[in-house]
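Student: my questions concern the predicted model and sequence given below.
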Amino acid sequence: MSRRTFRRCTSLSSLDLNQLKQIGIRGIILDLDNTIVSEDDRYLSPNSESWIERAQEEGFSLFILSNGKREYRVNYWSERLGIDAIGRAKKPFPKSFKIALYSMRLLPIQVVVIGDGFHTDAIGALWNGCHCVQVASLPHKARWWEKIIGRWVQIPYPKHAPLWSFNPQYYSSSFTRTLPSIQKDIT
Ligand SMILES: [Mg+2]
């Protein structure tokens with residue numbers, strides 16, 4: 001059995017799936033915000049969807065753990081990518097990692113956690129005995145805490161690296177579910 005590994009890279013699609021296989025990895029726990037899609041929904045990580053498809057075709061089990069509180073986004077991406085997901089996952093705490101590992105029927109040492117947050121994804125991986133890859137954070141407006149500790153817990157997205165745009169209109173079908181309460185607020 002291999003030892004746990006920690007590495008950094010620019011984006012999901014720059015990770016070699018064969019290398020993951022070679023160290024015995026069979027499952028991938030993915031972060032959502034600023035890893036696959038920017039939290040302000042402006043950018044997609046280039047080629048991340050085809051990378052995820054390839055991982056699925058090659059037999060990896062995948063699971064999304066997101067600390068995001070906007071449920072419609074987590075549901076949307078879970079459906080779009082065909083991956084089970086937990087929102088409000090409270091990473092790095094172990095509960096959601098345990099659920100993901102149980103659902104994938106894998107041991108922690110067979111799983112890599114991929115995300116942009118050191119304090120959430122990397123610490124979560126370490127705490128739960130998984131491998132970890134920290135990717136660069138997709139560009140987004142810094143929150144108050146990121147202005148203070150962002151430089152220690154995130155890798156800035158390289159200035160000239162490619163970025164794909166995303167149209168949040170795709171969420172519109174999910175928005176209809178919350179329309180009644182919004183309308184109530186307006187009237
Ligand atoms: Mg993130």
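Tutor: Thanks, I have it. Numbers count the residues shown, from 1 in each chain.
Student: interface residues of this structure facing the ion?
Tutor: 31, 33, 34, 116, 117 (Cβ under 5 Å from the ion). No exception for glycine: its C-beta is placed from N, CA and C like everyone else's.
Student: now tabulate these in JSON lines and tack on pLDDT and distance to residue 138.
Tutor: Putting those into JSON lines (pLDDT from 0 to 100; distance: Cβ to Cβ, whole Å) gives the following:
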{"residue": "31", "pLDDT": "98", "distance to residue 138": "11"}
{"residue": "33", "pLDDT": "96", "distance to residue 138": "8"}
{"residue": "34", "pLDDT": "96", "distance to residue 138": "5"}
{"residue": "116", "pLDDT": "97", "distance to residue 138": "7"}
{"residue": "117", "pLDDT": "96", "distance to residue 138": "12"}
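Student: could the residues you listed go into CSV alongside secondary structure?
Tutor: Formatted as CSV, the residues of the chain next to the ion follow (DSSP: H, G, I helix; E, B strand; the rest coil):
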residue, secondary structure
31, coil
33, strand
34, coil
116, coil
117, coil
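Student: closest to residue 57 among these?
Tutor: Nearest to residue 57, judged by Cβ to Cβ, of those is residue 31 at 21.5 Å.
Student: neighbours of that closest one, just the number please.
Tutor: Other residues lying near residue 31 total 26 when counted by other Cβ atoms under 10 Å.
Student: need the contact list for it.
Tutor: The contact partners of residue 31, by Cβ atoms under 8 Å, 6 or more residues apart in numbering, come to 64, 65, 66, 91, 113, 114, 115, 116, 117, 120, 121.
Student: go again with 7 Å.
Tutor: Residue 31 makes contact with 65, 66, 114, 115, 116, 117, 121 under the criterion Cβ atoms under 7 Å, 6 or more residues apart in numbering.
Student: repeat that for residue 163.
Tutor: Under the criterion of Cβ under 7 Å, 6+ apart, the neighbours of residue 163 are 43, 46.
Student: ok, it to residue 99 distance?
Tutor: From residue 163 over to residue 99 the distance is 32 Å, taken as Cβ to Cβ, to the nearest Å.
Student: ok, now residue 38?
Tutor: Distance, residue 38 to residue 99, using Cβ to Cβ: 26 Å.
Student: picking that back up, of the residues of the chain next to the ion, closest to residue 104?
Tutor: Distance to residue 104, by Cβ to Cβ, is smallest for residue 31 among the residues of the chain next to the ion, at 15.7 Å.
Student: between residue 38 and residue 99, tell me which one has more neighbours.
Tutor: Ranked by neighbour count (other Cβ under 10 Å), residue 38 and residue 99 place residue 38 first, with 21 against 15.
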